[in-house]
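# predicted model follows, preceded by the sequence.
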Amino acid sequence: MSKIFSELLQRAGDLARARVTYAAVNCSSVSATRTEKKRRVKQHRSPGWETLSWEERLADIVTPLWRLRYEEQLQWKQEQQLKILLQMSNVVGICNKGELTFPLLPIVPSPVRDGYRNKSTFSINRGVDGNPKTVGLYIGTGKGRNIVCVHGDHLLNMPSNHKLVGRCYEDFIRASPLKPCILFHDGGHWREITVRTNSAGSTMAIVYFHPQNLTSEEMSVHKAALVEYFTKGPGAVCQLDSLYFQESTMTRCSHKESPYQLLHGVPHIYEEILGFKFRISADSFFQVNRGAAEALYNTVAELNKACGNGTLLDVCCGTGAIGISLSSRMKKVIGVELIEQAVEDAKHNAALNGIQNCEFLSGKAEVILPKLIPTLCSDGGLTAIVNPSRAGLHYRVIRALRNHSDIQRLIYVSCKPEGEAMRNFRELCGKPDWQKKITGEAFTPTIAVPVDMFPHTPHCELVLVFER
């Protein structure tokens with residue numbers, strides 16, 4: 001692995017400066033600029049949109065790069081990451097005549113390019129034929145009142161068993177006397193379905209349902225019908241290992257707000273990453289591309305090689321995948337995660353793999369870190385790894401990390417570096433902010449590595465190493 005990284009580093013400069021343009025990709029639909037961020041409420045319609053089939057239109061929205069060869073996709077993403085990093089350099093004031101002051105290594109490709117998603121969510125709305133009980137993905141917007149729900153059977157990133165569950169769910173709700181819940185105030189009950197799978201072929205389905213004014217007894221009838229359909233009826237072809245049901249009166253409910261009800265099967269499915277086994281619950285976060293996740297964790301491990309045998313602080317740790325996969329290289333791993341169920345999964349995963357040097361804490365990172373970090377042992381080095389959602393980190397988390405002088409290295413994994421993460425980069429590397437009490441020595445970016453987690457889409461993960 002070290003030899004590979006050395007070779008990549010030698011080629012990084014040339015590839016980072018490569019200019020890539022393709023007529024087949026309308027960059028305005030996937031651009032990372034602020035202008036496009038403001039326009040994202042409007043779905044871009046390229047010339048000839050009206051002549052495309054509904055399936056092509058959906059593919060252009062969900063997987064905009066699907067017409068490109070995979071090598072071209074990687075080159076395009078490499079250039080986009082260069083643009084984003086140049087923007088970041090300007091924001092933090094380290095740009096050198098329009099060039100990066102640190103190496104951008106070539107993008108790490110996904111070992112799996114098609115059917116890689118292990119989690120898909122299908123919505124319910126009016127289909128192309130006007131049927132309100134159509135299960136698929138949206139074209140259009142609620143604001144524009146032009147939503148059409150289109151089947152996703154043709155999408156390159158979706159596995160066949162997800163498509164099968166979606167189609168079976170559609171057949172079930174069409175036979176049900178209950179209406180779909182498209183708009184909460186219009187009534188209806190059946191909502192979206194989420195499908196989760198693993199590399200061993202296990203399948204979990206989570207059905208979301210608005211109870212409206214139904215009694216518990218009335219709901220029990222419909223839950224029984226759902227189980228009957230997927231275990232003994234036509235839906236049995238899906239071979240579900242787990243069937244969950246959540247009563248939800250909001251767009252999203254946590255397990256704490258409205259518990260997931262196991263109607264059939266086992267409570268969890270399991271996935272293996274780099275030889276470690278991980279438990280997946282109904283609502284726990286797990287990278288959607290297993291093969292690319294292994295490439296991501298290997299990349300993080302290699303970038304942190306110099307700090308082996310030290311302490312690893314894993315912020316936004318989820319089910320503990322990064323910390324556990326690096327545990328054999330570290331003296332101690334401490335993970336912090338907001339979602340309680342994810343922390344329970346992380347603790348279970350550590351025990352499942354016989355790992356004794358991992359500890360996982362539940363709560364808001366901005367509350368836990370200020371008290372936790374001063375107690376950590378810095379012998380052997382103290383490294384922080386952050387892997388936040390698209391919303392980025394709270395400034396109090398940044399303050400705790402930057403103000404603690406023992407943290408000399410920080411690895412930031414971002415799925416959207418051009419978004420709120422840019423604010424974090426400014427807070428980590430910029431001048432002290434006395435109003436936010438961010439007073440510690442600034443970090444400096446030293447290396448960046450993109451990892452293609454999402455083939456056929458404009459997105460990828462960016463791993464950035466900051467040091468001081």
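Okay, I see it. Numbering: from 1, shown residues only.

# how close does the residue positioned nearest the centre of the chain sit to E337?
By C-alpha atoms, centre = their mean, the chain has its centre lying nearest to Q287, at 5.8 Å. The gap separating Q287 from E337 is 15 Å, by C-beta to C-beta, to the nearest Å. C-beta coordinates here come from the backbone N, C-alpha and C atoms, glycine included.

# before we move on, what about I124?
With C-beta to C-beta as the criterion, I124 and E337 are 31 Å apart.

# ok, now V108?
From V108 to E337 the distance is 25 Å (C-beta to C-beta).

# surely A400 and V367 touch.
No. With contact defined as C-beta atoms under 8 Å, A400 and V367 do not form a contacting pair (9.7 Å).

# check which helix or strand V336 maps to.
strand 332-337 (DSSP states H and E).

# actually G152, not the one I wrote
When the helices and strands are read off by DSSP H and E, none of them contains G152.

# which SS class is N157?
coil (DSSP: H, G, I helix; E, B strand; the rest coil).

# what residues sit buried inside stretch 291-308?
For stretch 291-308, a neighbour-count test (16 or more other C-beta atoms under 10 Å) marks 291-301, 303-304, 307-308 as buried.

# mark which of those residues are part of helices, please.
G291, A292, A293, E294, A295, L296, Y297, N298, T299, V300, A301, L303 (DSSP state H).

# the third one contacts M453, correct?
Yes. Contact criterion C-beta under 8 Å: A293 and M453 qualify, at 7.3 Å.

# let me know the outermost residue of this structure.
Residue of the chain lying farthest from the centroid, by C-alpha atoms, centre = their mean: E217 (37.2 Å).

# avg pLDDT for the host helix or strand of that residue?
Using DSSP H and E, E217 sits in helix 216-231. Mean per-residue pLDDT for helix 216-231: 97.

# pull out the buried residues from it.
M219, H222, K223, A225, L226, V227, Y229, F230, T231.

# same question, stretch 384-397
Across stretch 384-397, burial judged by 16+ other C-beta under 10 Å covers A384, I385, V386, N387, P388, G392, L393, H394, Y395, R396, V397.

# same question, stretch 149-164
Across stretch 149-164, burial judged by 16+ other C-beta under 10 Å covers 149-152, 154-159, 161-164.

# where do the helices sit along the stretch 351-468 of the chain?
365-372, 395-403, 421-429 (DSSP state H, counting those that start in this stretch).

# of all those helices, which one is nearest A346?
Of all the helices of the stretch 351-468 of the chain, helix 365-372 sits nearest to A346, with 14.2 Å by C-beta to C-beta.

# for the closest one, the distance to its chain's centre please.
24 Å (C-alpha atoms, centre = their mean, to the nearest Å).

# neighbouring contacts of it?
Under the criterion C-beta atoms under 8 Å, 6 or more residues apart in numbering, residues 315-316, 334, 336, 338, 361, 393-394, 396-397, 399-401 lie in contact with helix 365-372.

# go again with 7 Å.
Helix 365-372 has contacts (C-beta atoms under 7 Å, 6 or more residues apart in numbering) with V315, C316, V336, L361, H394, R396, V397, A400.

# for the buried residues of stretch 384-397, which one is nearest V465?
I385 (10.1 Å).

# dump the residue contacts of the closest residue in space to that closest one that isn't next to it in sequence.
If the residues on either side of it in the chain are set aside, I385 comes closest to I411, at 4.6 Å by C-beta to C-beta, 6 or more residues apart in numbering. Neighbour list for I411: V300, L303, N304, T383, I385, V463, V465 [criterion: C-beta under 7 Å, 6+ apart].

# surely K277 is within a strand?
Yes. Counting by three-state DSSP, K277 is part of a strand.

# so it makes contact with L352?
Yes. Counting by C-beta atoms under 7 Å, L352 is a contact partner of K277 at 5.5 Å.

# quick revisit: save the buried residues of stretch 149-164 as JSON lines, and put in distance to G115 too.
What follows is the buried residues of stretch 149-164, written out as JSON lines (distance: C-beta to C-beta, whole Å):
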{"residue": "C149", "distance to G115": "22"}
{"residue": "V150", "distance to G115": "18"}
{"residue": "H151", "distance to G115": "16"}
{"residue": "G152", "distance to G115": "12"}
{"residue": "H154", "distance to G115": "12"}
{"residue": "L155", "distance to G115": "9"}
{"residue": "L156", "distance to G115": "7"}
{"residue": "N157", "distance to G115": "7"}
{"residue": "M158", "distance to G115": "7"}
{"residue": "P159", "distance to G115": "4"}
{"residue": "N161", "distance to G115": "9"}
{"residue": "H162", "distance to G115": "9"}
{"residue": "K163", "distance to G115": "9"}
{"residue": "L164", "distance to G115": "12"}
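
# picking up where we left off before, ok now the helix holding E217, how far from the chain's centre?
Averaging C-alpha positions (C-alpha atoms, centre = their mean) puts helix 216-231 32 Å from its chain's average.

# packing partners for that helix?
Secondary-structure packing of helix 216-231 (3 or more C-beta pairs under 7 Å, 6 or more residues apart in numbering; DSSP states H and E): strand 242-247, strand 261-265.
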